[in-house]
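In: Here is my input; please provide its structure:
(2 chains)
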Amino acid sequence: MDITRRRLLLLLPAAAVAWKYIQAGTPEAAPNYKIAEHWWGMLIDIPKCIGCGSCVRACSEENDVPDGYYRTWIERYHVPDWKIERPEVESPNGGKQGFPPNELSDGKNFFVPKLCNHCEDSPCTQVCPVGATFVSPDGVVLVDKNYCLGCRYCVQACPYGCRFINPKTNTAEKCTLCYHRITKGLTTACCEVCPTGARQLADLKNPKDPIHEFLKTHNVQVLKPHMATGAKVFYNGMDGSVR
Amino acid sequence: MFKDTEHLIRLAVVIVILLAVFILLRAAVVPKSFGQYGHYRGNAIGEIAARTPAFAGHEVCEGCHTEVVDQKKLGRHANVPCEACHGAQGKHADDPSSVTPKLPDTAVICARCHEANSAKPKAFPQVASADHSGGLACNTCHKPHRPKIEDEPKAASAKSAGGKK
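Out: Down below sits the predicted model:
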């Protein structure tokens, strides 16, 4: 649609009305939730992942993720013998319907679930020109879809490929760590449905969270540590070929 | 002191007016909660948190379906959450009488986890369903909540009778 002067004049009052709504916002949804007392992350236990795709399906349903886009997905790695720098990685439909049986018996085969790493020093929030994406006081990287322009800077900035532009709203979208669930005392949808307990939500500020004992006693890594993003999704038993 | 200061005063007045316009416009345009926590709209956090969850969570299911919990406890599906197979049941949990969930098809749902795949952990029970059951629905033989095929409740005697799977 061409924007003529006449149409612009007609649009202005509508924009003014919408702006009032943006300024007013909605009241706090979870009154008993104390934002300063949490610092969220996730633990992923790779040896437990069976690649069933339950997490991907649950995420899509819980968050109304458009078809063909994924806030979390599963990758199947095949590492031929010693070639750990050239793994064969596939993720058909994000692993949403599971994975077809493969005949590759040589080398190493395993699944790696991926999602936003909710970085402490996240590159994606630093490039936003309007302040539409941010790290919340409880450590979750969120997008304000009423403020986002859809400029795609953040999509390019994320080193983990966790962001996309929602084709319906034309705004940036990503994993919210099920913020609407964790602030109500529930776990995320992906952790809720994981049949083997391979994914676990972790509150790093809660001294009673089992994550602390786990981190003390296991060899845990984050993805792309050389980028110093302060990633908070911790992978147990991760092979060196995982990128 | 200065000669011809009038042009300086005019300039100063213009600058003051522009500054006032800028301050007023800024106050009108920037959302009130902007800067509450940082360089973003603080109210956005509340808006994102306000959505309704679709998955109820297994604790909610277990509150009513105690007989299923008792069955699950006896088998290896004890820690498999309800909604992993039954799907999102938040609406059913809110209104159990009018929202009735559909039973999942075991031929599809079981294979998602148990179809053999070389990338699955070796210790995880897997079958090639074509050889294992020839396309029969899994619940023809297995009870999904307690999948091991045993000679009814006495688990102890079943264990001593047959060592092999």
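
In: tell me the contacts of A:Pro167?
Out: A:Pro66, A:Tyr69 (C-beta atoms under 8 Å, 6 or more residues apart in numbering or on different chains). From N, CA and C alone the C-beta is placed, and that goes for glycine too.

In: Report the secondary structure state of it.
Out: Here A:Pro167 takes the coil state, with states given by DSSP: H, G, I helix; E, B strand; the rest coil.

In: For A:Pro66, see how far away it is.
Out: Remark: distance between A:Pro167 and A:Pro66 (C-beta to C-beta, to the nearest Å) = 6 Å.

In: just A:Pro101 next, same as before
Out: Applying C-beta to C-beta to A:Pro101 and A:Pro66 gives a distance of 29 Å.

In: Also A:Phe234?
Out: From A:Phe234 to A:Pro66 the distance is 29 Å (C-beta to C-beta).

In: burial measure for the nearest residue to B:Tyr40 once chain neighbours are set aside, as a count.
Out: With sequence-adjacent residues excluded and distances taken as C-beta to C-beta, 6 or more residues apart in numbering or on different chains, B:Tyr40 is closest to A:Phe134, at 3.9 Å. Number of residues near A:Phe134 (other C-beta atoms under 10 Å in any protein chain shown) recorded here: 24.

In: And B:Glu67, by the same measure?
Out: B:Glu67 has 9 neighbouring residues, counting by other C-beta under 10 Å.

In: Am I right that it is in a strand?
Out: No - assessed with three-state DSSP, B:Glu67 is helix; it does not lie in a strand.

In: Need the single longest helix in chain B, by residues.
Out: Longest among the helix segments of chain B by residue count, using DSSP state H, is helix B:6-29.

In: Helix or strand next in line after it, which one?
Out: Remark: after helix B:6-29, the chain's next helix or strand is helix B:43-49, criterion DSSP states H and E.

In: then the helix or strand following that following helix to CSV, C-alphas only?
Out: Next helix or strand after helix B:43-49 toward the C-terminus (DSSP H and E): helix B:58-64. Taking Å, rounded to 0.1, in the frame of the first residue of the first chain, the C-alpha atoms of helix B:58-64 are listed here in CSV:
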residue,chain,number,x,y,z
HIS,B,58,2.3,-33.2,35.8
GLU,B,59,1.7,-32.1,39.4
VAL,B,60,-1.7,-30.8,38.4
CYS,B,61,-2.6,-34.1,36.6
GLU,B,62,-1.4,-36.2,39.5
GLY,B,63,-3.8,-34.3,41.8
CYS,B,64,-6.8,-36.1,40.3
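
In: Which residue does chain B have closest to chain A?
Out: Closest contact between chain B and chain A, by C-beta to the nearest C-beta, is at B:Asn43 (2.8 Å).

In: tell me, what residue is most central in chain B?
Out: Centroid check for chain B by C-alpha atoms, centre = their mean gives B:Phe55 as the closest residue, at 6.1 Å.

In: Helices of chain A, start to end?
Out: Under DSSP H, chain A gives helices at A:5-24, A:54-63, A:123-126, A:153-157, A:179-182, A:189-193, A:211-217.

In: okay if I get the ones you listed as TSV plus mean neighbour count and distance to chain B?
Out: Shown next, in TSV, are the helices of chain A (neighbours: other C-beta atoms under 10 Å in any protein chain shown; distance: least, C-beta to the nearest C-beta, whole Å):
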stretch	mean neighbour count	distance to chain B
helix A:5-24	10	5
helix A:54-63	24	5
helix A:123-126	19	8
helix A:153-157	18	13
helix A:179-182	24	4
helix A:189-193	27	4
helix A:211-217	13	17
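
In: got CSV for those helices, with mean pLDDT too?
Out: Formatted as CSV, these follow (pLDDT from 0 to 100):
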stretch, mean pLDDT
helix A:5-24, 66
helix A:54-63, 97
helix A:123-126, 96
helix A:153-157, 97
helix A:179-182, 97
helix A:189-193, 97
helix A:211-217, 96
